[in-house]
Each structure stands twice: as C-alpha cells, then as structure tokens.
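In: following is a predicted model, sequence given first.
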Amino acid sequence: MPTDVSNDEHHGRSRRTVLLATGAIGTAALAGCAGGGGDDDERPVTHGRVGTGDVEFDHWTSAFYSPDEDESLQPEAASAMRARFEEWAEENPEYRANLVYQADLDQWESQLVTRASNGEAPASSTLDSVWVPDNREYLQPLNDYVDDIDDFFPFVRETAMEGDDLLAAWFYTGLRCLYYRTDLVEEYGDGDPPRTWDDLLEVGGAIADGEGVAGFTIQMSALDTLPFFWGQGGELVDDDGMPVLGDEDNYDALLSTFEFFADLVEAGVTPQRVGTLDDPAQVGEEAANGQSAMFIGSNSRYQISIEPNDDDPERWDVAEIPMREADQFATGVGGWTEGVYAEDGDVAEAAKSFAAKAVEPETMGRYCEAGSQLPTRESVFDDDEIYSSDTFRFQDQFREFLRNGVARPSAPIYSEAIAEEWVTAKERVFTQQSSPEEAVGTMLDNIADSYDGDVEYDD
C-alpha cells in the first residue's frame, strides 16, 4: 500500500497509530527498544541487528524500516530493507549495527538533540528530514562515503548540506501536486490545468456551477498549502530560525495567500467545510466519488484513493500547484534520512558507511519502488532496472515537480507554532470566521509570542 510523506503524518500513519502499532508509549518509547535476534542467531540480518562484526554501534530507527516483514510497519518494503542491510553486512563483515526502535516521534526528536548536546547521542539515527537543521551542529559529514552529491535534487542540497558537507543521507521523498479531472477541465476550460490562482478560480467556478460539485478541495495540513506562499518567494524563518513571515515581502506573499483562500470560498469554488477537513484520504475519496473536480494531494494519492475508488481513474491527471503568477513554482517535500553522530574512530566509519548505503542509487531505487516513494537522486529515475518506470502513473511529472521542491524549515518555531497557527488561520478563513487580514494578524502575533526571543517584523 503506498503511503504519504508529509508534515503531519509519519509515512501516512498518524503519530498515535505509530505508537499503538509498536505497542510502546511513554518511557518504553523514550528508551527505545532493541529488536529480536540475539548473539546466538547466526543470520547476518535480523529485526534487531545488522551484521555480526566486532565493531558495534547503536542505530536509532523506526519499525517502519525493519527488515523483518512480520515486525515492519511497512511490510511491503521489508525485503528492500533486508537487501540493503544484507549487502552492507557482506561488504563490512567487521561491523555490527544494533537497531534500536523508537516509537514516540516527539521524544525521539527531542532526545536526539538533548543527547547530542551532552555527547551521548547514538552513533547514528534515522531522522525525519525536518529534524536535520536542529541536529546540524552534531551531524558528521558523509562526503567521503556518498558519491555524486550533485545528483540529489536541489531541495536535498539546500536542506541537508552545510557548505560543501552532506550531513544527512536523504533516501526518499514525497511531494504535493494538483490532481484534476481532465474531462471537466476540457469541458469548462481550455483543457489545460490551471496554472494561476485566477485560472483555478475561473475553471473551478465554472465546474462548480455547471456540475454542482466542489471545484477545488484541499486538506488543512500546512504542507498542502505552504507552496502557495513559497512559490511567491515567501520565507517562514531566517537563517537563525527567527520567524520572518511578517516582514514586508513575506507579509505580502502571506496575505495574498490567505486572500486567495477567501476568494475560493466566496466564488463558490471551495466549500466552507474544507476548513475542517484534515483527512487526506477523505479529500481523495471525495474526488474519486465525483464530489470534487480538483484537489491538492500527495504523489501517492492516486494509488491510494483514486485508482481503487473511481470507475474511470484514467480521467485524472496531475499538474504543478497553481500559483499567484504563472512563472512561480513550488511543491512541499518530505521524507526521511540517515545521519551520523559518531565523530571518529572505527564506530564513526562503520556508522557512516551504514548511512551512506541508504543513498546508493540501486539501494534507493529498490526501496522507493517497494515502498511507493520518490527517489531523491534524479539519476534513479533514469534506470528502469533499479526503479521501475511504472512505480507511479505520473512518474515523469513528479520528477519535474521535485525540481521545485521546498522542504519545511526545521527551526523549532516551525513545529512549536508556525505549522499549527497556519492551519488555524486557514480554518478561520475557509469557514469565514475571520477575514484574511484578521487571521494573518492573529497568526503573526501568536507566532511572535511563542518565539523564545524578540520578534520585530520588518514593515
């Protein structure tokens, strides 16, 4: 089953689902749980161990990446993980990685930073891409172990690098795009997908009036609508992690985005109920059932919702997210990485080779195909033998969209306030409880109040 990669879901599963599925909440999650397969097990790879060598290190990860199909939260990709681990163990017989499974994402993230600041971090860990900047000062360069860094899409180099140093091995991603009914866009428009907000309002309004369905829908997660802001050049935080979305140019992009949300409702293109719609599956299923003509969804949404539920799924296509101006492009990206904290010695060498294995083209392609994910290396799309050209119906388009990918900032204020305040402001505008100006003003004030320091927006 394909899964979403987003800000608000852990590989398509809510944080609570991950906790329940792993059966570990609270102190057990904080401490982590080593998998099965002890020293008396002669297999090179088990649920809890990779390799049998004498140089031993702990690697924190999620049961999502278990090599054991019976233990994995993503059993369809377990064989790809096992192949990756078996190859590494064969290539490095002197090493052994102990897999320590983390269940509570919030505690996992906070413990990495806390332990790293005290010199007690694990040798390596799987990290959400949004955690990378918070861990930047502790992560060790992987350049000597990862080939052809320029092959990664720009968003990887912008987020996972410090100068010339690659600090995290980003081994898959996902994106957001516009899904649209080609038959309705042909009948009520010129057949081309809407490129601008004005285009979307025009064709979406015509469809809503003519068909009695929602012209355009969207869920309330931040990642689905931040591209409207990013595409205008908007920035949420500065290099020091201070919120700057209220600064002059950013404020213009911010306000225009929320004015667009208001226009969608006032023009009858988007129903007010979207303001409380927080389930991506519902958005996709409503579209598949003929209740909407266009929506923003993840790269997996077609396989998850449209193909199984629409009697004629071939009538759907994808396009770049419409922007304020036709020459603006952006999509939100996510995904997970491998990072290393060990600084020197045999353990550091072992951990770095372990992390680097994840982004070897063949390893990446195999995992992404099995897990229905998108590669972060552009060259992987070129080799049908390591990443099938039919992993996604819209694979060629997704590759183009990734060139305009923007990763969420990992400054603490983003997760502490910006994402939540963004969603709250959207809800109030879509449900017409607040004007765009009021919603944006409240959002900026609340973000400033939440920031640990003085925030003075540059008017």
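Out: Now that the structure is in, tell me what you want to look at.
In: so how far is stretch 103-113 from its chain's centroid?
Out: Centre-to-centre, stretch 103-113 and its host chain are 17 Å apart (C-alpha atoms, centre = their mean, to the nearest Å).
In: which parts of the stretch 301-450 of the chain are helices?
Out: 301, 307-309, 345-357, 361-371, 395-402, 412-413, 419-430, 436-450 (DSSP state H, counting those that start in this stretch).
In: for Leu444, which non-adjacent residue is spatially closest?
Out: Distances taken as C-beta to C-beta, 6 or more residues apart in numbering put Gly246 closest to Leu444, at 4.4 Å, once the chain neighbours are dropped. Using the backbone N, CA and C atoms, a C-beta is placed for each residue, glycine as well.
In: ugh, wrong one, I meant Asp54
Out: Take Asp54 and drop its neighbours on the chain: the residue closest to it by C-beta to C-beta, 6+ apart is Glu94, 6.4 Å away.
In: Asp54 touches Arg96, doesn't it?
Out: Yes: counting by C-beta atoms under 8 Å, Asp54 does reach Arg96; the two are 7.4 Å apart.
In: who has more neighbours out of these two?
Out: Between Asp54 and Arg96, counted using other C-beta atoms under 10 Å, the more crowded position is Arg96 (19 against 10).
In: for the protein, longest helix please?
Out: Ordering each helix of the chain by length in residues (DSSP state H) puts helix 248-266 first.
In: could you point out which element follows that helix?
Out: helix 280-288 (DSSP states H and E).
In: got the buried residues for that next one?
Out: By neighbour count on 16 or more other C-beta atoms under 10 Å, the buried set for helix 280-288 is 280, 283-288.
In: so for the residues you listed, which is the shakiest by pLDDT?
Out: Among the buried residues of helix 280-288, Pro280 has the lowest pLDDT, at 92.
In: could you check how far the residue sitting nearest the centre point of the chain is from Val130?
Out: Most central in the chain under C-alpha atoms, centre = their mean is Gly334, positioned 1.9 Å from the mean C-alpha point. Note on Gly334: its distance to Val130, by C-beta to C-beta, to the nearest Å, is 7 Å.
In: gap between stretch 170-182 and the chain center?
Out: Here the centre of stretch 170-182 is set off from its chain's centre by 10 Å, with C-alpha atoms, centre = their mean.
In: tell me the mean pLDDT for it?
Out: Mean predicted confidence for stretch 170-182 is 99.
In: start and end of it, how far apart?
Out: Using C-alpha to C-alpha, to the nearest Å, one end of stretch 170-182 lies 34 Å from the other.
In: kindly report the same for stretch 97-116.
Out: Stretch 97-116 has an end-to-end distance of 19 Å (C-alpha to C-alpha).
In: how about stretch 122-130?
Out: End-to-end distance of stretch 122-130: 19 Å, with C-alpha to C-alpha as the criterion.
In: pLDDT (mean, whole number) over it?
Out: Stretch 122-130 shows an average pLDDT of 97 in the prediction.
In: quick revisit: tell me how far the residue nearest to the centre of the chain lies from Phe392.
Out: According to C-beta to C-beta, Gly334 and Phe392 sit 16 Å apart.
In: same deal with Gln232?
Out: Distance of Gln232 to Phe392, given as C-beta to C-beta: 28 Å.
In: show me what contacts the residue lying closest to Asn250 once chain neighbours are set aside?
Out: Residue nearest to Asn250 in three dimensions, not counting chain neighbours: Gly234, with 5.0 Å by C-beta to C-beta, 6+ apart. Counting by C-beta atoms under 8 Å, 6 or more residues apart in numbering, Gly234 touches 245, 249-250, 253-254, 257.
In: thought Asn135 was touching Arg115?
Out: No: between Asn135 and Arg115 there is no contact under C-beta under 8 Å: 10.5 Å.
In: and the two? Which one has more around it.
Out: Taking neighbours as other C-beta under 10 Å, Asn135 and Arg115 compare with Asn135 leading, 22 against 16.
In: got a pLDDT number for that one?
Out: pLDDT, Asn135: 93.
In: check what pLDDT Asp41 gets.
Out: So Asp41 comes in at 75 (pLDDT).
In: show me what contacts it?
Out: By C-beta under 8 Å, 6+ apart, the neighbours of Asp41 are Arg49.
In: check which helix or strand it maps to.
Out: Secondary structure assignment for Asp41, by DSSP H and E: no helix or strand.
In: for it, give its distance to Gly231.
Out: 52 Å.
In: how about low-confidence regions in the stretch 201-350 of the chain?
Out: Applying pLDDT under 70 to the stretch 201-350 of the chain flags no residue at all.
In: Gln232 and Phe392 - which one has more neighbours?
Out: Taking neighbours as other C-beta under 10 Å, Gln232 and Phe392 compare with Phe392 leading, 22 against 19.
In: per-residue confidence at the more buried one?
Out: Looking at Phe392, its pLDDT stands at 96.
In: about what we covered before: of the buried residues of helix 280-288, which is the nearest to Gly189?
Out: Closest to Gly189 out of these is Ala287 (17.0 Å), distances taken as C-beta to C-beta.
In: quick check: the closest one touching Glu307?
Out: No: assessed by C-beta under 8 Å, Ala287 is found out of contact with Glu307, at 11.7 Å.
In: ok, the residue nearest to Glu437 when sequence neighbours are not counted - contacts?
Out: Once flanking residues are discounted, Glu437 sits nearest to Leu255: 6.9 Å by C-beta to C-beta, 6+ apart. Leu255 sits next to 436-437, 440 when contact means C-beta under 8 Å, 6+ apart.
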